[in-house]
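J.: kindly return the folded structure for what I paste below:
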Amino acid sequence: MRPRARPRRRRLAAGRAARPSRARAARGRTLVAALVLLGAVLAAPAAAQHGGPPPEAEAAPQEATPPAPPLLRAVPFADLPGWTADRQAEALPALQASCAALRTMRPETPLGGQQEAALRAGTAAAWSGLCAELRVLERALPRPPRPGTGRAHERRMAEWRAARDAAVRAFIEQHFEPFAAGPGIMTGYYEPILRGSVTADEVYRTPLFARPPELMEVPVNGNPLRRRFGMMVEGRLEPFHDRAAIESGALAERGLELVWVDDPADAFFLHIQGSGRVVLPDGEVLRIGYAGQNGRPYVPIGRVLIERGEIPREQMSMQAIRAWLAAAGHERATELMRHNPSFVFFRRVEGLDPDQGPIGAMGVPLTPQRSVAVDRGFIPLGAPMWVMVRDPMARRDAPPAGRLVVAQDTGGAIRGPARTDFFQGWGPEAGERAGRMRDEAEVFLLLPRIVTVAAAGAD
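T.: This next block holds a predicted model:
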């Protein structure tokens, strides 16, 4: 989804998934059979995709999805690279948000995933006890030291942070079991900040549209975890108007304009991110989120620029594309952006504090650098994960670092058991990090031990 070139793959230090044994393969077949029996329970509507990367049409050119995911391979926490070096307490807000979402779900609601992941993750009810234990942990965490200055205060703060991290790490080790999901590609996304107005004028001329009432969303081949958008034409679902048609007035004079912004390129990249903030002339900030897509395939304009020889592949990034658009002039920039026929519709989002991220597919605000978007067909929403990935602002030869994250969002180009999209936050700095992030990552899924034991008993 991100308009960036594919990176050179680098070998990571540890965590490669081993080839499953025959016994484990047989166990996988047993789990698949069990899932067939549980199909009625596990089939539930996918969570609405409010924030993060917009889901593109199934016809979109996407990274190849493996025909079947590798079996999950249980590993000890000692085998997680960098496990003791992360600041795990920073993931607490994301874990708390997942529990808040789970408490609002029907007990029988499945969390998603495929084969072993779905069976081991279970339903919302299976996580209730774990979330109760998380609340106990929160109350037991040490309080921060009193405000102060000097080296003594810095030492107390460091000790306090280390104690919190150790407590959260111990909680995860007690209640979860790690499973290697394999290497995959991790990209980044963020919540951009735009300038706009609720009325159009000579400055604010690019509209952001609400979802048209005739735009429909249906499951693909009966799979509720795969959705397709379009409009009914003579009894058939057809793609909606493409970008060129909409920008040329296909939706004009219907009152669907939510707000007008001052930069077409900003609007274009907002479509890719899926949610954003629009600052009005009086300083008011509108939060807008993803509401739907026209059903057209997503075409990365970065790829078009590479094919035309405008930007070398090794220099491709969101920043490079923005620089090209700014220098190209209105006509050439518009022509390039219309190579991507995909078009996203938005809705106003109320009730979010300025220090909260956008609403993700799980229905809760995303936590910067701790929330990730995943393919819910493989990874259960709400599940913690351990990822090994390189800092996008570090040197190309810098080693990867481990980070505790939580699966709380989805995206149309996020396909596969180890494909992830890392939420960087909001604003220019987050955009800089997100635009440079596309790298190989080692992915480990953390599933509740109580559910894991139950799943093992079904083998």
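
J.: show the contacting residues for M105.
T.: Counting by Cβ atoms under 8 Å, 6 or more residues apart in numbering, M105 makes contact with A124. From N, CA and C alone the C-beta is placed, and that goes for glycine too.

J.: ok, so what distance separates it from L447?
T.: Distance, M105 to L447, by Cβ to Cβ, to the nearest Å: 17 Å.

J.: next, count neighbours for P354.
T.: Other residues near P354 come to 8 when the count uses other Cβ atoms under 10 Å.

J.: leaving out the residues flanking it, which one is nearest to it?
T.: The shortest distance from P354 to any residue other than its chain neighbours is 7.2 Å, reached at V285 (Cβ to Cβ, 6 or more residues apart in numbering).

J.: now D201
T.: With Cβ to Cβ, 6+ apart, the residue lying closest to D201 is W260, at 7.9 Å.

J.: that neighbour touches T199, doesn't it?
T.: Yes. Counting by Cβ atoms under 8 Å, a contact exists between W260 and T199, whose distance comes to 7.2 Å.

J.: between these two, point out the one with more neighbours.
T.: The neighbour count for W260 versus T199, taken as other Cβ under 10 Å, is higher for W260 (20 against 11).

J.: doesn't that one fall inside a strand?
T.: Yes. According to DSSP: H, G, I helix; E, B strand; the rest coil, W260 belongs to a strand.

J.: how near is the nearest residue to M388 once chain neighbours are set aside to R390?
T.: Nearest residue to M388 in three dimensions, chain neighbours excluded: E442, at 3.9 Å (Cβ to Cβ, 6+ apart). Relative to R390, E442 is positioned 11 Å away (Cβ to Cβ).

J.: quick one: common contacting residues for those two?
T.: Common neighbours of E442 and R390 (Cβ under 8 Å, 6+ apart) are P400.

J.: neighbour count: the two, which is higher?
T.: E442 (26 against 21).

J.: related to what we said a few turns ago, which residues touch the residue nearest to P354?
T.: If you count contacts by Cβ under 8 Å, 6+ apart, V285 has them with R277, V278, V279, P354.

J.: test my guess that the residue nearest to M388 contacts P399.
T.: No. Using Cβ under 8 Å, E442 is not in contact with P399; the gap is 12.0 Å.

J.: helix/strand/coil for E442?
T.: Here E442 takes the strand state, with states given by three-state DSSP.

J.: tell me the pLDDT of it.
T.: On the pLDDT scale, E442 is placed at 93.

J.: compute the distance between it and G289, please.
T.: Distance from E442 to G289, by Cβ to Cβ: 31 Å.

J.: now swap in L251 and tell me
T.: For L251, the distance to G289 - Cβ to Cβ - is 19 Å.

J.: and the nearest residue to A398 once chain neighbours are set aside, what does it touch?
T.: Nearest non-adjacent residue to A398, counting by Cβ to Cβ, 6+ apart: R390, 5.7 Å away. R390 makes contact with R10, A398, P399, P400, A401, D439, according to Cβ under 8 Å, 6+ apart.

J.: from those residues, keep the buried residues only.
T.: Of the members of those, the ones counted as buried by neighbours, 16 or more other Cβ atoms under 10 Å, are P400, D439.

J.: reformat the contacts of R390 as CSV; add distance to G411, secondary structure and pLDDT.
T.: Formatted as CSV, those follow (distance: Cβ to Cβ, whole Å; DSSP: H, G, I helix; E, B strand; the rest coil; pLDDT from 0 to 100):
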residue, distance to G411, secondary structure, pLDDT
R10, 24, coil, 39
A398, 26, coil, 86
P399, 27, coil, 89
P400, 22, coil, 90
A401, 23, strand, 92
D439, 17, strand, 88
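
J.: tell me the one among the contacts of R390 nearest to A418.
T.: D439 (12.6 Å; Cβ to Cβ).

J.: correct me, but that closest one touches I185?
T.: Yes. Checked against Cβ under 8 Å, the pair D439 and I185 is within contact range at 7.3 Å.

J.: sketch out the low-pLDDT regions of the stretch 101-250 of the chain for me.
T.: Applying pLDDT under 70 to the stretch 101-250 of the chain flags the ranges 113-116, 222-226.

J.: longest strand of this protein, counting residues only.
T.: Longest strand in the chain, counting residues (DSSP state E): strand 176-191.

J.: give me the sheet partners of that one and which way each runs.
T.: strand 73-74 (antiparallel), strand 420-426 (parallel), strand 438-448 (antiparallel) (DSSP bridges).

J.: for those strands, which one sits closest to T149?
T.: Per Cβ to Cβ, nearest to T149 of the strands paired with strand 176-191: strand 420-426, 28.3 Å.

J.: in the next helix or strand after the closest one, what counts as buried?
T.: Sequence order places helix 428-435 as the next helix or strand after strand 420-426, per DSSP states H and E. Buried residues in helix 428-435, defined by neighbour count with 16+ other Cβ under 10 Å: A430, G431, E432, R433, A434, G435.

J.: what about the third one, distance to G412?
T.: Going back to what we said before, that points to E432. Using Cβ to Cβ, E432 is found at 23 Å from G412.

J.: how close does the residue nearest to A398 sit to M318?
T.: From R390 to M318 the distance is 17 Å (Cβ to Cβ).

J.: same deal with R155?
T.: According to Cβ to Cβ, R155 and M318 sit 40 Å apart.

J.: who has more neighbours, those two?
T.: M318 (23 against 11).

J.: buried residues in stretch 437-453, which are they?
T.: Those would be 437-448, 450-452, for stretch 437-453 by 16+ other Cβ under 10 Å.

J.: gap between it and the chain center?
T.: Distance of stretch 437-453 from its chain centroid, counting by Cα atoms, centre = their mean, to the nearest Å, is 14 Å.
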